[in-house]
Structures are given as C-alpha cells and as structure tokens.
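Enquirer: give me coordinates for this.
(2 chains)
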Amino acid sequence: SAVISQKPSRDICQRGTSLTIQCQVDSQVTMMFWYRQQPGQSLTLIATANQGSEATYESGFVIDKFPISRPNLTFSTLTVSNMSPEDSSIYLCSIIGQRTDTQYFGPGTRLTVL
Amino acid sequence: AQSVTQLGSHVSVSEGALVLLRCNYSSSVPPYLFWYVQYPNQGLQLLLKYTTGATLVKGINGFEAEFKKSETSFHLTKPSAHMSDAAEYFCAVSFGDSSYKLIFGSGTRLLVRP
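Expert: Numbers count the residues shown, from 1 in each chain, chains lettered A, B, ... in the order given. Presented below is the predicted three-dimensional model:
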C-alpha cells in the first residue's frame, strides 16, 4: 500500500496566524481527502482535494478558512487560516488506494493554537 | 441521513477476555463498512472492511466483524484481548458511490486490564 507522510507532525501556533500542512504520497493517487479530529472527538471530513481543480468542501467548512491545493497526483496542502484555539485538532490526510475503494490515512498533524 | 452509532465510548476488558465493540449504521443504500484503529499519537490503521460477499470478515491482529443487514450492525470482535489492543476504535461507513466519503462513528476506547 502507499506510504503517506505529513508535515509538520505537530505545531503550536499563535491565534490569528496560519499554518500550512503538507501531505505527500509515494505513488500517484486519484483521490485525496482532509479530515479534522477535534480533541476527544471522531473524524470529520473537511474536503476532497481534487487534482487540477478547486477542492470540494463539506458543510461547515469554507475555502477562505481551509484553502487546499492539489498541484499533482502525489501531493496536497491544507492551510488553516486565521487560527483560533477552536482550531486545535489533529488534521489527517487520506487517500483512496489503487484498485481499491479503501481509504488509507496519514499519521496526522497535531495542531495546538494558543 | 446516513449515520454511524458506536455504543459505548469506553469498553474495559481483562487480558484474555472477549472483545466486543458495537457499531450500528443507518443507510438507505447498501453500505461499505470499515473498522479503523488509532493507537495513541498515531494515525488511523485499517483493521478490516466489508464491501460485498461473505458477511463475516477477518482482519488484522485477530479481529473480525460480521455484517448483519437485518440488524444494520457491524460489530467488531476478538476472542482474546491483548494488552497491545488498547486503542481507539472507529467504525465508518461509505456508500459505494464515487465520492468515497467516509462517515465515522464517535469511537470506542478499548482498555485492557492486566
């Protein structure tokens, strides 16, 4: 299966700033996703990162707050903009594996906003 | 609307005892069902999945789950718990469409007592 890496693995940020999270896959994949896991909570889908076009956001998430890039089939970024303490979460990227309908997850980025 | 319910936010068992984690779903179409495990400070790892075919699915680390359509359930079991099984377990559902979106349950934390 594909190897998924995320950078940074964790960060502590000040409110009002922005952080860009990178997701790198070691093979080309068609579909990539970004999830948020708030403290003690389950995972919530933020958006589907579409290669070569704008991301598709889920209800409650907007592009101004969570801009996403997907420049090629192996890489995506998620930016958390104008952060507040409520944005403190684990952010995970996932992919659909080749010739499968199963999602595989990266190790996550643990974000703390002070 | 589709949803996933995991009964019990915390389950505690003795080492060597049966593990039973419950998952029920609500869906108007045949779902694909997944169990993921999250160890502390790590991403999600796929335990097993059901898409079509045999309703009893075997996964990694001795876990298995049975899809029961009449009960809309997909409970996770393991005959004998090991200390290393202590983790958070998430049931998830997708609907076999091209979006591949996953809807997660709230998670169950498994505690294994020596």
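
Enquirer: mind checking how far the residue nearest the centre of chain B is from A:Thr102?
Expert: Central residue of chain B (C-alpha atoms, centre = their mean): B:Trp35, 3.5 Å from the mean position. B:Trp35 is 12 Å from A:Thr102, where distance means C-beta to C-beta, to the nearest Å. Backbone N, C-alpha and C define where each C-beta goes, glycine included.

Enquirer: then B:Thr51?
Expert: Applying C-beta to C-beta, the value for B:Thr51 to A:Thr102 is 9 Å.

Enquirer: next one: A:Tyr35
Expert: For A:Tyr35, the distance to A:Thr102 (C-beta to C-beta) stands at 15 Å.

Enquirer: again with B:Tyr89
Expert: To A:Thr102, B:Tyr89 is 17 Å away according to C-beta to C-beta.

Enquirer: give me the common contacts of B:Trp35 and A:Thr102.
Expert: Common neighbours of B:Trp35 and A:Thr102 (criterion: C-beta atoms under 8 Å, 6 or more residues apart in numbering or on different chains): B:Leu46, B:Lys49.

Enquirer: host element of the residue of chain A positioned farthest from its centre?
Expert: Distance to the chain centre peaks in chain A at A:Arg99, reaching 22.4 Å (criterion: C-alpha atoms, centre = their mean). A:Arg99 is part of no helix or strand when elements are defined by DSSP states H and E.

Enquirer: show me what contacts it?
Expert: Taking C-beta under 8 Å, 6+ apart, we find A:Arg99 in contact with no residue.

Enquirer: give me the beta-bridge partners of A:Tyr57?
Expert: On the basis of DSSP bridges, A:Tyr57 is bridged to A:Ala47.

Enquirer: touching, the residue nearest to the centre of chain B and B:Lys58? I think so.
Expert: No - using C-beta atoms under 8 Å, B:Trp35 is not in contact with B:Lys58, being 11.5 Å away.

Enquirer: overlap of the contact sets of these two?
Expert: Common neighbours of B:Trp35 and B:Lys58, using C-beta under 8 Å, 6+ apart, are B:Leu48.

Enquirer: give me the pLDDT value at B:Ser98.
Expert: With respect to pLDDT, B:Ser98 has a value of 65.

Enquirer: check the secondary structure at A:Lys65 for me.
Expert: Using DSSP: H, G, I helix; E, B strand; the rest coil, the structure places A:Lys65 in coil.
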